[in-house]
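Visitor: Sequence and predicted structure below; questions after.
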Amino acid sequence: MKKSLKERLAILSDAAKYDASCASSGTTRRDSSVSGGLGSTEGSGICHAYAPDGRCISLLKILLTNFCIYDCAYCINRSSSNVERARFTPDEVVWLTIEFYRRNYIEGLFLSSGIIRSSDDTMAEMVQIARDLRIKHGFRGYIHLKTIPEASARLVEEAGLYADRLSINVELPTDQGMQHYAPEKRPAGIRRSMGDLRLKIEAAGEATHTGRRKRFVPAGQSTQMIVGADGANDATILGSSARLYSSYSLKRVYYSAFSPIPDSSRNLPLIKPPLVREHRLYQADWLYRFYGFSVDEITSARADGMLDLELDPKLAWALANRQDFPVDVNTADRESLLRVPGFGTKTVKALLAARRHRTVRLEDLARLGVIIKKVRPFIIAEGWSPHRTLERSDLRAVFAPEPEQLSLL
């Protein structure tokens, strides 16, 4: 018996939860109240998801279908998985997006899909959805399409005319992992598709003879990496991400914590706790991108190449490199200040501005929103010195979370 639209929505929205890369940051501003049409890229609405940077966003996040011709061991929707299957038509996805927006539930659409029949067939339907939303319905909201790497360059390029962001999954951090757990997919083909997309985005950013720029994927491209499925350590994962950022000008690498699939017969490794590890990787990724840390520095504290699950990566690095502290907040340069645990980029900017007018004390840092307990061992300020605090053998214990009593029920 054919499933109702509501039943299929329940199945395909649940199946989409494994796709992490759905933040709506970075695109151009569009407002239907000004330019006509329907929807906008910002505005109020009921938020259903959180971006990794903490922003609350609302997107209709669904799969076109969870049928798939591939049998990737880590994927809940692989062809051999015993899950309930469903499929939307392109017209149904368009209708759902418009109706959810009109009810103020969403700000945009995140659309991914299993692969049906062929990569081109699936990609063609996804392009049709984006095209109909933009052209037929004048939809101005955010659209993120998870593209199919093996799809033709023509289809991917057309998708870029309508989508704000495109993403192509690298799946796993190493080619060896892909060969073992997803042998039907080709890492070289995925990288080639990402490279082609980067060139198209860069070409669109160049002004024409009229001075105008072509609208093409204004929010850039991103990718997703499964964490914990192939046993790669955090140093390997972050090293792979660093290469992706530099090679393809990615806006974001999203980390998706692997959870074991009940009917898996391939004995996939599982590193616990997966969600905490995912969170630490996002923090480490942030240090690499915005704080001047190298991957080697971030992952050097432990011999196994893993991040400390109890402490955030910057604090763990500071405790392992106490010789670089304390830092004088009144004389240190920006790069040194950014390495102080508890100092963010906005805090450092405000601190540099404040010390041009007065000598900074601990209470001045508190007014900037700094958690004094966290920064105090690592800084010198007017009227404050940590003295021999950094020599304490139990300093890590001061910052480690208190042990929790496990329930026996």
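Guide: That came through, no problem.
Visitor: residue ranges with poor pLDDT in the stretch 101-250 of the chain?
Guide: The model of the stretch 101-250 of the chain has pLDDT under 70 over residues 208-212.
Visitor: any chance you could map the helices in it?
Guide: Assigned helices in the stretch 101-250 of the chain, in chain order: 119-131, 153-162, 175-181, 187-204, 234-248 (criterion: DSSP state H, counting those that start in this stretch).
Visitor: Quick one: distance of the first one to the chain centre.
Guide: Relative to its parent chain, helix 119-131 has a centroid offset of 24 Å by Cα atoms, centre = their mean, to the nearest Å.
Visitor: Use 19 as the first number for this chain going forward.
Guide: Taking 19 as the first residue, the last one we looked at is helix 137-149.
Visitor: Can you report phi and psi for the residue nearest the centre of the chain?
Guide: Nearest residue to the geometric centre of the chain (Cα atoms, centre = their mean): residue 272, 3.1 Å. Backbone torsions for residue 272, taken as degrees, to the nearest 10, come to phi -100, psi 140.
Visitor: Starting from residue 88, give me the distance back to it.
Guide: For residue 272, the distance to residue 88 equals 20 Å [Cβ to Cβ, to the nearest Å]. The C-beta positions use only the backbone N, C-alpha and C, and glycine is treated the same way.
Visitor: what's the answer for residue 324, then?
Guide: 30 Å.
Visitor: One more: residue 152?
Guide: On the measure of Cβ to Cβ, residue 152 and residue 88 end up 29 Å apart.
Visitor: Which one, of the helices of the stretch 119-268 of the chain, ends up nearest to residue 95?
Guide: helix 137-149 (12.8 Å; Cβ to Cβ).
Visitor: ok, and what's touching the helix or strand containing residue 293?
Guide: Using DSSP states H and E, residue 293 falls within helix 292-308. With Cβ atoms under 8 Å, 6 or more residues apart in numbering as the test, helix 292-308 has contacts from 70, 245-246, 252, 255-256, 259-260, 263, 271, 273-277, 289, 311-313, 316-317, 325-327, 330-332, 363.
Visitor: go on, stretch 169-178?
Guide: Contacts of stretch 169-178 (Cβ under 8 Å, 6+ apart): 137-138, 140-142, 144-145, 148-149, 163, 165, 184, 211, 214-215, 218-219, 222, 234-235.
Visitor: Buried ones among those residues?
Guide: 137, 140-142, 144-145, 148-149, 163, 165, 184, 211, 215, 218-219, 222, 234-235 (16 or more other Cβ atoms under 10 Å).
Visitor: Quick one: buried ones out of the contacts of helix 292-308?
Guide: Members of those classed as buried by 16+ other Cβ under 10 Å are 70, 245-246, 252, 255-256, 259-260, 263, 271, 273-276, 289, 311, 313, 316-317, 325-326, 330-332.
Visitor: Which ones among the residues you listed map onto strands?
Guide: 245, 271, 273, 274, 275 (DSSP state E).
Visitor: Please report the distance of residue 205 from residue 199.
Guide: Residue 205 sits 12 Å away from residue 199, going by Cβ to Cβ.
Visitor: How about residue 107?
Guide: When residue 107 is compared with residue 199 (using Cβ to Cβ), they lie 32 Å apart.
Visitor: Look at those two and report which has more neighbours.
Guide: Higher neighbour count among residue 107 and residue 199: residue 199, with 20 against 14, using other Cβ atoms under 10 Å.
Visitor: you'd agree that one is up against residue 91?
Guide: Yes: contact criterion Cβ atoms under 8 Å: residue 199 and residue 91 qualify, at 4.2 Å.
Visitor: Could I get the contacting residues of the nearest residue to residue 105 once chain neighbours are set aside?
Guide: Distances taken as Cβ to Cβ, 6 or more residues apart in numbering place residue 83 nearest to residue 105, at 3.9 Å, with adjacent residues excluded. For residue 83, the contact set (Cβ under 8 Å, 6+ apart) comprises 30, 103, 104, 105, 106, 131, 132, 134, 140.
Visitor: Would you list the phi and psi of residue 83?
Guide: Taking degrees, to the nearest 10 as the convention, residue 83 sits at phi -160, psi 150.
Visitor: now the one 3 residues further on
Guide: Dihedral angles of residue 86 (phi, psi; degrees, to the nearest 10) stand at phi -150, psi 140.
Visitor: Next one: it from residue 136, what distance?
Guide: Distance from residue 86 to residue 136, by Cβ to Cβ: 12 Å.
Visitor: domain assignment for this protein?
Guide: As given by automatic domain parsing, the domain ranges for the chain are 23-186+201-237, 339-417.
Visitor: Check the offset of the first one from the chain's centre.
Guide: Looking back up the chat, that one is domain 23-186+201-237. In terms of Cα atoms, centre = their mean, the centre of domain 23-186+201-237 is found 15 Å from the chain centre.
Visitor: and if you look at the last one?
Guide: Chain-centre distance of domain 339-417: 29 Å, with Cα atoms, centre = their mean.
Visitor: now stretch 250-265
Guide: Distance, centroid of stretch 250-265 to centroid of chain: 14 Å (Cα atoms, centre = their mean).
Visitor: Let me see the residues that make contact with that stretch.
Guide: Stretch 250-265 is contacted by residues 188, 190-192, 195, 209, 212-213, 216, 241, 243, 245, 268, 271, 273, 295, 298-299, 302-303, 306-307, 313-314, 316-317, 322-325 when judged by Cβ under 8 Å, 6+ apart.
Visitor: try it again with 6 Å
Guide: Stretch 250-265 is contacted by residues 191, 192, 268, 271, 302, 313, 317, 323, 324, 325 when judged by Cβ atoms under 6 Å, 6 or more residues apart in numbering.
Visitor: Among those residues, which one lies nearest to residue 179?
Guide: residue 268 (20.2 Å).
Visitor: For the closest one, the count of nearby residues, please.
Guide: Using other Cβ under 10 Å, residue 268 is surrounded by 20 other residues.
Visitor: And residue 21, by the same measure?
Guide: Neighbour number of residue 21 under other Cβ under 10 Å is 14.
Visitor: And the strands in the stretch 319-427 of the chain?
Guide: 345-346, 397-398 (DSSP state E, counting those that start in this stretch).
Visitor: Many thanks, have a good one.
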